[in-house]
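> model this:
(chains A, B, C and D)
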Amino acid sequence: MQDLHTDSLALHGARVREVIARSAPKDPVREGHRAPSTPEVEAELRRWYAVMFAEGLSGADWPEEWGGRQAHHALHDVVTTEELIRARAPRMVDQVVLASHLILQFGTPEQKARYLPRIRSAEDIWCQLFSEPNAGSDLAALKTRAVALGDGSFRINGQKTWTTDGHWAQMGLLLARTGTEESRHRGLTAFLVPMDTPGIEIRPLITIGGAHEFNETFLDDVVLGPEALLGSIDGGWQVAMSGLEVERFGVGGNVALLAQLLDDLVVAARSLRVDGVWVVEHDDVRLRIAELTAEAEAAHAFVADCIETILVGRDQPGDTAVAKILHSETYNRISRYAVHLIGSGELGDNPDAIAAAQRLEDAWLWSRALTISGGSSEVMRNILAKRRLGLPQAPRP
Amino acid sequence: MQDLHTDSLALHGARVREVIARSAPKDPVREGHRAPSTPEVEAELRRWYAVMFAEGLSGADWPEEWGGRQAHHALHDVVTTEELIRARAPRMVDQVVLASHLILQFGTPEQKARYLPRIRSAEDIWCQLFSEPNAGSDLAALKTRAVALGDGSFRINGQKTWTTDGHWAQMGLLLARTGTEESRHRGLTAFLVPMDTPGIEIRPLITIGGAHEFNETFLDDVVLGPEALLGSIDGGWQVAMSGLEVERFGVGGNVALLAQLLDDLVVAARSLRVDGVWVVEHDDVRLRIAELTAEAEAAHAFVADCIETILVGRDQPGDTAVAKILHSETYNRISRYAVHLIGSGELGDNPDAIAAAQRLEDAWLWSRALTISGGSSEVMRNILAKRRLGLPQAPRP
Amino acid sequence: MIDVEDAEILRSTAREALGSDLTLGHAADLGWTGLLTEETVGGAGWYPLEAVLVAMESGRAGSPSSWTANAVAAAIVGSIPELAAQAAGLLDGSRHAGVSLTHLAPLIDARGTISGRTGKLLAEREPDVLVLIDPDVDQAIVLRSDDAGVEIHEDVAGLESTRRVYRAELDAASAVKLAGGRVAELRTAAVLLLAADTVGAVAAAVEMTTDYLRDRVAYGAPIASFQAIQHRLVDLTVFELAADALVRNAARALAEDDPDAPRLAAAAHTYTEARAVVAIDDCIQLAGGIGFTWEFPLHHLLRRASTNAAVFGSGRASADRLAKLGGW
Amino acid sequence: MIDVEDAEILRSTAREALGSDLTLGHAADLGWTGLLTEETVGGAGWYPLEAVLVAMESGRAGSPSSWTANAVAAAIVGSIPELAAQAAGLLDGSRHAGVSLTHLAPLIDARGTISGRTGKLLAEREPDVLVLIDPDVDQAIVLRSDDAGVEIHEDVAGLESTRRVYRAELDAASAVKLAGGRVAELRTAAVLLLAADTVGAVAAAVEMTTDYLRDRVAYGAPIASFQAIQHRLVDLTVFELAADALVRNAARALAEDDPDAPRLAAAAHTYTEARAVVAIDDCIQLAGGIGFTWEFPLHHLLRRASTNAAVFGSGRASADRLAKLGGW
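The predicted model follows:
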């Protein structure tokens, strides 16, 4: 497998670098500060997303009739992500990727024709309306109700939270309850919702890093026509679970972030004096950085392995949960140690060191998004206990 | 309170040191190798225990009629334990202390008259027959049955495990089920059992340190007369729980062990070359030892505080569980790091360093006894979740 | 020495007072600024344990007040005969102090004036009086913000959100020096007050997280009923209790002029500084999404503990001191 | 390069073979001793990844066999023209090798003979052939136990219980030296084989503990059904999987002559050495009383991982190497 692709991957990497050099926004991305903060930045970002689709840096895995590329291979996306991270260029919005795949899988021909081109042109940014204040990790508990009005349309009432990009998205992917209150995962239905539909109100939810990335979304008598239905009535769980599959390879390229954090840590540490001494001259600091490097290499090795086994169909249950734990918790530990170390000393005036320190602080304050969202580390451990280790469930007598 | 006792405690400490210098066995104790390995060592140990009782290093808290001292204060026992640890002199057997207190609290006048003097003279060593192969931490699950024979006597059948000192004890404190199989903690009864009663068989259970400290005990149609009953029939749980109180101050003096481990670590580290370099010259090693020292000081501070609050009756629920976690887990971490560090280098020929290294190895291999027995760290955390934090129990629908 | 019961009363009184946004003036009215200063110059006497107990409550409340800086500065200023009269303004809260740990030797120029940059100064507003204490030598210097050659500016980098961090740039400033005297004890006290503040922040974070998870339901049960969560909350509590005991134990030793006090203070700082940050970071994880929002107070406590960890010497410096005092 | 499926087959074949007490002779028959030695002198070629996979299984089985020492020694001996003929005895298992990491410069006396004490040599019985590899310089020396001036004795201190640790005292012994050549690759291979053995020991400990707790009942339920226990078992599994992937990744790099291989091997050693011991120690805690008994195999795995951690250089030396190769 590796021999087959090495050349193709190297070529692809070079092409991605070329596209980035030519078209990516000039301001480097900040971890945890991804949503655009001004109309100018937003315009620039949409322009770049359109380029990404046009150049096959996004959506290359779609069917050819919708703009995908025949020569595409899953590893190309891993390479793309790595290159984007290295260049600190904006990556595609996860929710856009999710919506694309679900529309391709569950959408009617009309839905595909209407939404897919608008995704490729970046006219439509998508957000996800799944989580609720009392149903974060436990989606089957969600309460937002969709009542069928008899004419094929639905009236929606409820509250959503953690709506990433909701404040600048045109479209939302909504999960609402069409079954009884007790129906859990059996009574859910998925909808495609224009965010300017009357009755939708968005309020910002500011992160601990001070960024406006997330929102609360209030749905008050929102009426959706039959064309908004994605998949079948009460078939929403299937749609949501299918979405989880999309993220399978996602973590692949992301581990490149760990190497970047370590590079920043070394850059900052080289300019840092703690208690009057250059800190990299201390064994304990050098060895601690080495320890973190080893952790990052372990995460990287596991993820690389994981991609290989998935490609040959020999992955084990829960491999992606293991990858998520390794990546997100190492990301947290590296950035936490770095901020702590830098805070304990005098960084001096080296602009590279100051920039690296700022990135590390951004990363630390963002790190809990990685260990909490998309299934918290605790939920991942529950899943692994059950699926990977096959441990018995606590009896409920 | 402190002013009141400072002088008295200093005097007591001096007296304990004098008694140790005069009478303690010459061979220093090894952690986890406490039970005597030869008849000569056993004789020496019993002689010393008798001295400890005679000199008030043990049993000073008993009522005066049974040999206790009026001027005794709970802090004296803390000082005694500290001094014994510092001198590496044998400490009193926990099970003897336990049996004494339970006989004093629950025993009939005849039982007191019969057993207490034999404890003071060290003719009787006691062991505890509580744990079973399928009821370690969960005593309410124990299965050993005591069937009343109608004439006031009982026939006992079952199996006990983790019988500390069972192989050289004269007496055992037994907990057996007199109620139905489902009676849990309500159907248990305590008995005083001569270990030479027909039907009792003892088999050694060797520790991971290679020591014979524990045993398995098989009870096969063991018949006990009514005089063996301690407390009331079906009142065994009360007896067992009262025993837990005895250990309240136990951890007090024991934290002195942590300081001793750290001293040994420093002694060994001073003679240690790792990868060709004296290891104490490395910042990382010096700071790691400092970290462990800080942990030990934290455990020490909490325990000292705990004793003070217990004495003025302002202790909080679970304080002793916190003390046990801090002491036992710090003991494990210090000894584990020490053995790891020493194993990574060349210790040289300094006999003090070699002896220190051996003690640290003993300590590490013994450390899990501290974190597992007497309520494992996991059980302590369950207790603290419930009693200290008042956390809700998982619902059982 | 304050007994168990009195300590409880002091803590709960302080907690109540800190409930509202307590400023330096209120703290002075409550007598907190005088807890380290001799009675002869208007202080309450030598009460480091009481000061530490109140500092824990300040940390718990995330209080902006910089009364601890005034308490340390008043004691230093009050012990210098030529400045003693100026202690009053620090004790009554009319003047704000900033205290920093700064290697003094490199700052003292040939003419005996002071030039260079100070360490970080933590205060609720720009300080009027600066006290720089050397980490190794028992020496301190006192400067006034309106002295010639003293320029103070706010340090806007860094995580702090409940207080402010300042630096002073000194240019041939004249300063009053204090060598020996009470410098060593007050340096130890200053370390302990920060460690105490951190312990308070941890206590608040752990309690806040525990209370939140007691009510919050997931998968049909309160999150705090899940055993894996319970054990982590217990571990956080055990750390908090041990750190609290260690800081108080060191303060008690300091109050009793026990020669072991500097070693215990170094142990307290070593034990708390990195662990506290990890503990509060773990609280954010346990609290889930809500803990990740700006409105929920956990991140302010995280920022506070993170700043405290290093504003008066790094944890590794304390560990190094602990090693040296231990003789290895 | 071996693919995912072939690797699985190799591992399960090795696991089966190691089920019974496998000695060096059997390992030789299975071709394991030749996995690092060139075909021209009787080896199988350069198969470090395969060797690492089998070493993992050896650690898992707690095997006494010291085939890995023979594999490294045969490759060194086989690459020295004047000794190449002697590789055969190491490859067929008729002679036992001991390999140690030893600073050579201090041992080489003025006449070019060797005097002093070697590092630790891990072997199933007293070795016939000694290979000492320098940690920093790409240099190795080969000695025979029956050479004049070579005295081997068993090192009885330490925790090891499944294999034996030896030392050689050298007194003006004549040795064959090898400079450059394949020394660097084989030193990297030797580190990886030990790290692999450790990963195997962790895997065995975690599986053994998980299986035990699945059946063991407390408070009316299997212990492995308690969530706090489940999460710890998961953490142990995650560590094992990551360590396994890292060791294999480094071995793959070594097989491909990737210049990054020494750095990855240093990372693998850094990552596994202390963590493996902590992980198995935690297994003993989780297993409760039974894990504390001599009969239960956990402590043998603990002793093995503890020995492996340092017998071929310390973890801190690997971390230092990692830092140096990273350029900081």
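> Look up how far chain B lies from C:Leu53.
Distance, C:Leu53 to chain B, using CB to the nearest CB, to the nearest Å: 13 Å. For glycine as for every other residue, the C-beta is placed from the backbone atoms N, C-alpha and C.
> now that residue: how far from C:Leu36?
13 Å (CB to CB, to the nearest Å).
> More neighbours: these two, which one.
Shown here are C:Leu53 and C:Leu36; by other CB atoms under 10 Å in any protein chain shown, C:Leu36 has more neighbours (30 against 25).
> okay, the more buried one: pLDDT?
Note on C:Leu36: pLDDT of 98.
> Wait, C:Ile284 touches C:Leu298, no?
Yes. Counting by CB atoms under 8 Å, C:Leu298 is a contact partner of C:Ile284 at 5.2 Å.
> Flag every buried residue along the helix or strand hosting A:Asp77.
In the assignment (DSSP states H and E), A:Asp77 maps to helix A:74-86. Using 16 or more other CB atoms under 10 Å in any protein chain shown as the test for burial, helix A:74-86 gives A:Leu75, A:His76, A:Asp77, A:Val78, A:Val79, A:Thr80, A:Thr81, A:Glu82, A:Glu83, A:Leu84, A:Ile85, A:Arg86.
> do the same with stretch A:180-200
If you call a residue buried by 16+ other CB under 10 Å, then stretch A:180-200 has these buried ones: A:Arg184, A:His185, A:Gly187, A:Leu188, A:Thr189, A:Ala190, A:Phe191, A:Leu192, A:Val193, A:Met195, A:Ile200.
> Could you pull out the helices in chain A for me?
Assigned by DSSP state H, chain A shows helices spanning A:2-23, A:39-54, A:74-86, A:94-106, A:109-120, A:236-246, A:250-254, A:256-270, A:283-311, A:319-343, A:351-372, A:377-383.
> elements contacting the third one?
Taking 3 or more CB pairs under 8 Å, 6 or more residues apart in numbering or on different chains; DSSP states H and E as contact, the helices and strands that helix A:74-86 lies on are helix A:2-23, helix A:250-254, helix A:256-270, helix A:283-311.
> Provide the contact partners of the first one at residue level.
So the one you mean is helix A:2-23. With contacts defined as CB atoms under 8 Å, 6 or more residues apart in numbering or on different chains, helix A:2-23 is touched by A:47-48, A:51-52, A:55, A:57, A:71, A:73, A:75-76, A:79-80, A:82-84, A:87, A:89, D:1.
> all helices in chain C, in order from the N-terminus.
So, for chain C - with DSSP H - the helices run C:4-19, C:24-29, C:48-61, C:67-78, C:87-91, C:183-215, C:227-255, C:261-287, C:298-311, C:315-326.
> Okay, now the unreliable bits of the chain?
No chain specified, so I'll use chain A. A:1-5, A:246-253, A:395-397 (pLDDT under 70).
> that answer is for a different chain, and I need it for chain C
In chain C, no residues with pLDDT under 70.
> Centre-most residue in it?
C:Leu194 (2.2 Å; CA atoms, centre = their mean).
> now that one, nearest residue through space, not along the chain?
Counting by CB to CB, 6 or more residues apart in numbering or on different chains, C:Leu194 lies nearest to C:Asn308, which is 4.8 Å off, once chain neighbours are set aside.
> residue contacts, the one you found?
Neighbouring residues of C:Asn308 by CB under 8 Å, 6+ apart: C:Gly59, C:Leu194, C:Ala195, C:Asp197, C:Thr198, C:Ala201, C:Glu273, C:Ala276.
> isn't the fourth one right up against C:Leu301?
No. C:Asp197 sits out of contact with C:Leu301 when judged by CB under 8 Å, with a separation of 10.4 Å.
> How about the contacts made by A:Trp48?
By CB under 8 Å, 6+ apart, the contact list for A:Trp48 reads A:Ser23, A:Ala24, A:Pro25, A:Ala89, A:Pro90.
> Domains of chain A: list them as residue ranges, please.
For chain A, the structural domains run A:2-92, A:126-234, A:253-388, going by automatic domain parsing.
> number of nearby residues for C:Ser314?
Neighbour count for C:Ser314, taken as other CB under 10 Å: 24.
> quick one: it and chain A, what's the gap?
The gap separating C:Ser314 from chain A is 4 Å, by CB to the nearest CB.
> Would you check that that residue makes contact with A:Gly276?
No. If you go by CB under 8 Å, C:Ser314 and A:Gly276 don't touch, sitting 10.3 Å apart.
> ok, now which ones touch the closest residue to C:Val41 other than its chain neighbours?
Using CB to CB, 6+ apart and skipping residues adjacent in sequence, the residue nearest C:Val41 is C:Gly78, 3.8 Å away. Residues near C:Gly78 by CB under 8 Å, 6+ apart: C:Thr37, C:Glu38, C:Val41, C:Gly42, C:Gly43, C:Ala84, C:Ala87.
> Same question for A:Ala99.
A:Tyr115, A:Ile119, A:Trp126, A:Gln128, A:Met171, A:Leu173, A:Leu192 are the contacts of A:Ala99 under CB under 8 Å, 6+ apart.
> Spatially nearest residue to the third one (excluding sequence neighbours)?
The reference is to A:Trp126. Per CB to CB, 6+ apart, closest to A:Trp126 is A:Ala99, 3.9 Å.
> cool, and the second one?
The shortest distance from A:Ile119 to any non-neighbouring residue, by CB to CB, 6+ apart, is to A:Ser100 (5.6 Å).
> Could you pull up the contacting residues of that neighbour?
If a contact means CB under 8 Å, 6+ apart, then A:Ser100 has A:Gly59, A:Trp62, A:Leu116, A:Ile119 as its contacts.
> farthest pair in those?
Longest distance between any two of the contacts of A:Ser100 is 9.5 Å, between A:Trp62 and A:Ile119; criterion CB to CB.
> neighbouring strands for the longest strand along chain A, and are they parallel or not?
Counting residues, the longest strand found in chain A (DSSP state E) is strand A:212-224. Paired strands of strand A:212-224, with direction, are strand A:154-160 (antiparallel), strand A:200-206 (antiparallel) (DSSP bridges).
> Give me whichever of those strands is most buried.
strand A:154-160 (a mean of 20; mean count of other CB atoms under 10 Å in any protein chain shown).
> Please work out which residues outside that one touch it.
In contact with strand A:154-160 (CB under 8 Å, 6+ apart) are residues A:129-133, A:142-149, A:174, A:176, A:178, A:191, A:199, A:216-224, A:228-229.
> what do you get if the cut-off is 7 Å, keeping everything else the same?
A:129, A:131-133, A:143-149, A:176, A:216-224 (CB atoms under 7 Å, 6 or more residues apart in numbering or on different chains).
> ok, so what distance separates the residue of the stretch 51-200 of chain A found nearest chain D from A:Met241?
Per CB to the nearest CB, A:Ser137 is where the stretch 51-200 of chain A lies closest to chain D, at 14.2 Å. To A:Met241, A:Ser137 is 14 Å away according to CB to CB.
> ok, now A:Gly150?
Applying CB to CB to A:Gly150 and A:Met241 gives a distance of 29 Å.
> If you count surrounding residues, which of these two has more?
Per other CB under 10 Å, whichever of A:Gly150 and A:Met241 has more neighbours is A:Met241, with 11 against 6.
> so C:Leu246 touches C:Ala265, yeah?
No. Applying CB atoms under 7 Å, one finds C:Leu246 not in contact with C:Ala265, separated by 9.6 Å.
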